[in-house]
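Peer 1: Model the following, please.
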Amino acid sequence: MMTDRPPTKGLAVLGSAPPTRGVSSGAPATAGRAATLGTASKRAQTSGTLRTAGGTALDPLAQQLILKFRVKFGDAAATLAGQEAIAREVMQYLSIMPIRPAKTKDTDLSLLEERIRIRLVGGTPGKSSLVDAKRGEAGDEWLAMFEYEQALGVAKSRLEAEARAVKQAALRETLKEQMLERDRQAEEERRREEEFWKQEQEAIRKAEEEAEAKRKLQHEIMIRLKNDRLQQMDDRIQRREAALARKRAEESVDASRTAYETAEELKLEEEQRTAAKIALREFLLQNESNKAIREEAKKRQWEEDAQFQKKWEEKLNKQEADRREQLEKVKRQQAKLQAMADAQGENRRRWLETPLVNKYYKEREDARAAEEERRVAHQKDVAKKITVDLEQQLREREDAKARLKKEEEAYAASVAAKVAAAEEAERARKAAIAAKKAAFKESIEQQMQAKAARRQAERQPMTEVERQINRKTLEDVGTWHSTGRIPLPELRRSTAASSMSK
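Peer 2: Below you'll find the predicted structure:
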C-alpha cells in the first residue's frame with residue numbers, strides 16, 4: 001500500500017539550505033540566511049512569480065498553494081522559517097500528487113494543511129545554533145512518529161473504505177441476483193398462467209365443437225325419424241283400411257253375440273236371485289221367533305232388490321247406449337271410408353289428411369318441440385355451468401395475482417427497509433468514525449501544541465529511554481522515510497482488528 005512520503009530534511013525552496021543544518025556558528029549564518037531569503041523574496045515579488053533558490057520559476061499550482069497557506073496561517077507564516085516550511089510541504093505534496101488517486105485529493109490537501117499547521121505550531125527559534133539544530137532534529141523524531149501514525153491512520157481508513165466498498169458491491173450483487181430471481185419467478189408464473197389460459201380456451205373450443213357435432217347429429221336423427229314416421233303412418237293407414245274391411249263383417253256378428261250373451265247373463269242372474277229369495281224365505285219361515293229380524297231382513301232385501309233393479313236397469317241402458325254408439329260409429333266409419341274411397345278414386349291420391357293423422361302429426365310436433373326445448377335448456381344449463389366455472393377460475397386468478405402483488409410489495413418494502421437500515425447504519429458508522437477522527441485530531445492537536453510549548457520551554461530532545469520504548473515505531477518510521485511504504489502486515493492486522501471490534 002503506497003502512502004504519502006514524509007517530508008525530507010534539507011529541502012530548501014526559498015533561499016539556500018537552512019543554516020541550522022550546515023554551519024556551526026550562530027549569528028553569521030543567520031544573517032546570511034536572512035539576506036539570502038530576503039533577496040529571493042524581493043526578486044520573487046519584483047518579478048510577480050515565486051522561484052526556487054536556484055532561480056527556477058515554481059509551478060502555478062505550487063504558487064497558488066503556497067500563497068493560499070500563507071494567507072491562511074497569517075502571522076505564523078509571516079516569518080521566513082514559516083514560509084520555508086510551507087514551501088517545503090507544498091513541494092513534497094506536488095512530488096507525489098501524480099501517483100495519488102483523484103478521489104483522495106481532498107484528503108491529501110487536508111493532510112497537507114495539518115502538516116503545515118504542525119510545522120508552524122510554537123514558532124521558530126529566534127537564534128539558530130548547532131545545539132538548536134540537534135534539538136530540532138530530536139524534536140523531529142516525535143513529529144516523524146506523529147506523521148507516521150497519521151499516515152498509518154489514513155492508510156487504515158483507505159483500506160476500511162475499500163473493504164466497505166467491496167462489501168457494498170457484494171450486497172448490491174446479491175440484491176441484484178435476488179431481484180433477477182424474483183423477475184424470473186414472476187415470468188415463470190405468467191407463462192404458466194398463459195399455458196393454463198390456452199388449455200382452457202382449447203377445452204372450450206373442443207366442447208363447442210362437440211356440442212355442434214352433437215347438434216348436427218341430433219338434427220340428422222330427427223330428419224331420419226321424421227321420414228321413418230311418415231313412412232310408418234302411410235303403412236298404418238294402409239293396414240287400417242284393410243282392417244276396417246274385416247271389421248265391418250265382424251261387428252254385426254259381435255253385436256248379435258253381445259246381445260245373446262247379455263240375455264244369458266240376465267237370465268242366470270234372475271235365476272240366482274230367485275233361488276236366493278226362496279232360500280231366504282224358507283229360512284225366515286223357520287225362524288218365527290225372530291220375526292222382527294225377519295222383517296228387518298225383508299226390508300233390507302226389498303231395498304237391495306230395488307237397488308239391484310235400479311243398477312240392472314242402468315247397466316242395460318248403458319249397454320244399449322254403447323251398442324247404439326258403436327253402431328253409429330261403425331256407420332260413420334263406413335261413411336268416411338266410402339268418402340275416402342270416392343275421393344281416392346276421384347283424385348288418384350294415396351291418402352288424405354284425417355283427424356287421426358292430424359292428431360298423430362300434432363303429437364309428433366309437440367314431442368319434437370318438447371325435445372328441442374329440453375335440448376336448449378340442457379345447452380343453457382351447460383353454458384351457465386361453464387360460465388360459473390370460468391368466473392370462479394377468473395376470481396381465483398385475480399386473487400392469486402393480488403396475493404402475488406402483495407407479496408412482491410411486502411418483499412420490496414422489506415428490501416427497501418433493509419437497504420434504508422443498512423444506509424442508516426452506514427451513515428451512523430461514518431458519523432461515528434468522523435466524530436472519532438475529529439476528536440482524535442483535536443486531541444492530537446492539543447497534545448502537539450502542549451508538547452511543542454513544553455519543548456519550546458524545556459528544549460530537551462528525546463531521551464534514550466524514550467527511544468528504546470519507541471524503537472519499533474522509529475524503525476517503521478525509518479522504513480517509511482526510506483521506501484515511502486507502510487508495512488502491510490501491521491496495517492492489515494490493525495485493519496482486521498478494527499473490523500472485528502465493529
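Peer 1: who's in contact with the residue most central in space within the chain?
Peer 2: Residue closest to the average C-alpha location in the chain (Cα atoms, centre = their mean): Glu408, at 3.4 Å. Glu408 is in contact with Arg182, Ala186, counting by Cβ atoms under 8 Å, 6 or more residues apart in numbering. Quick note: C-beta positions are derived from backbone N, CA and C, even for glycine.
Peer 1: Following the helix or strand harbouring it in sequence, what is the next regular element?
Peer 2: Using DSSP states H and E, Glu408 sits within helix 355-458. Downstream of helix 355-458, the first helix or strand assigned by DSSP H and E is helix 464-469.
Peer 1: Distance from that following helix to the middle of the chain?
Peer 2: In terms of Cα atoms, centre = their mean, to the nearest Å, the centre of helix 464-469 is set 68 Å apart from its chain centre.
Peer 1: where's Glu314, which helix or strand?
Peer 2: Taking DSSP H and E as the definition, Glu314 sits inside helix 291-347.
Peer 1: how distant is that helix from the center of its chain?
Peer 2: Counting by Cα atoms, centre = their mean, helix 291-347 is centred 91 Å from the centre of its parent chain.
Peer 1: Give me the residues contacting stretch 195-203.
Peer 2: The list of residues contacting stretch 195-203 from outside it, by Cβ under 8 Å, 6+ apart, reads Leu390, Gln393.
Peer 1: in it, what's buried?
Peer 2: For stretch 195-203, the neighbour count (16 or more other Cβ atoms under 10 Å) marks no residue as buried.
Peer 1: So for that stretch, mean pLDDT?
Peer 2: What stretch 195-203 shows for mean pLDDT is 88.
Peer 1: C-alpha coordinates for stretch 171-179, CSV please?
Peer 2: Extracted in CSV, the C-alpha atoms of stretch 171-179 (Å, rounded to 0.1, in the frame of the first residue of the first chain):
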residue,chain,number,x,y,z
LEU,A,171,-24.5,-6.8,-1.2
ARG,A,172,-25.7,-4.9,-4.4
GLU,A,173,-24.8,-8.0,-6.4
THR,A,174,-26.7,-10.2,-4.0
LEU,A,175,-29.8,-7.9,-4.2
LYS,A,176,-29.5,-7.8,-8.0
GLU,A,177,-29.4,-11.6,-8.1
GLN,A,178,-32.4,-11.8,-5.8
MET,A,179,-34.4,-9.3,-8.0
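Peer 1: So for it, mean pLDDT?
Peer 2: On average, stretch 171-179 scores 90.
Peer 1: do the same with stretch 229-242
Peer 2: In this model, stretch 229-242 has an average pLDDT of 82.
Peer 1: swap in stretch 276-287?
Peer 2: Here the average pLDDT along stretch 276-287 is 74.
Peer 1: if we can go back for a sec, please name every helix or strand in contact with the helix holding Glu314.
Peer 2: helix 130-286 (3 or more Cβ pairs under 8 Å, 6 or more residues apart in numbering; DSSP states H and E).
Peer 1: The helix it packs on versus helix 355-458: what angle between them?
Peer 2: Helix 130-286 and helix 355-458 are oriented at 160 degrees to each other (axes from the mean of the first three to the mean of the last three Cα atoms, to 10 degrees).
Peer 1: report the angle between the axes of helix 130-286 and helix 291-347?
Peer 2: Relative orientation of helix 130-286 versus helix 291-347 (the same axes, to 10 degrees): 110 degrees.
Peer 1: Could you report the distance from Arg205 to Glu212?
Peer 2: As for Arg205, its distance to Glu212 is 11 Å (criterion: Cβ to Cβ, to the nearest Å).
Peer 1: same question, Glu264
Peer 2: Remark: distance between Glu264 and Glu212 (Cβ to Cβ) = 69 Å.
Peer 1: Then Ala432?
Peer 2: For Ala432, the distance to Glu212 - Cβ to Cβ - is 78 Å.
Peer 1: okay, now the nearest residue to Tyr360 once chain neighbours are set aside: neighbour count?
Peer 2: Closest residue to Tyr360 apart from its sequence neighbours, by Cβ to Cβ, 6 or more residues apart in numbering: Met233 at 6.3 Å. Number of residues near Met233 (other Cβ atoms under 10 Å) recorded here: 16.
Peer 1: before we move on, what about the one 4 residues further on?
Peer 2: Counted with other Cβ under 10 Å, residues neighbouring Ile237 total 17.
Peer 1: quick one, domains of the chain?
Peer 2: Domain ranges of the chain: 19-169+423-501, 206-362, per automatic domain parsing.
Peer 1: among those, which gets the worst mean confidence?
Peer 2: domain 19-169+423-501 (a mean of 68).
Peer 1: Cheers, nothing more for now.
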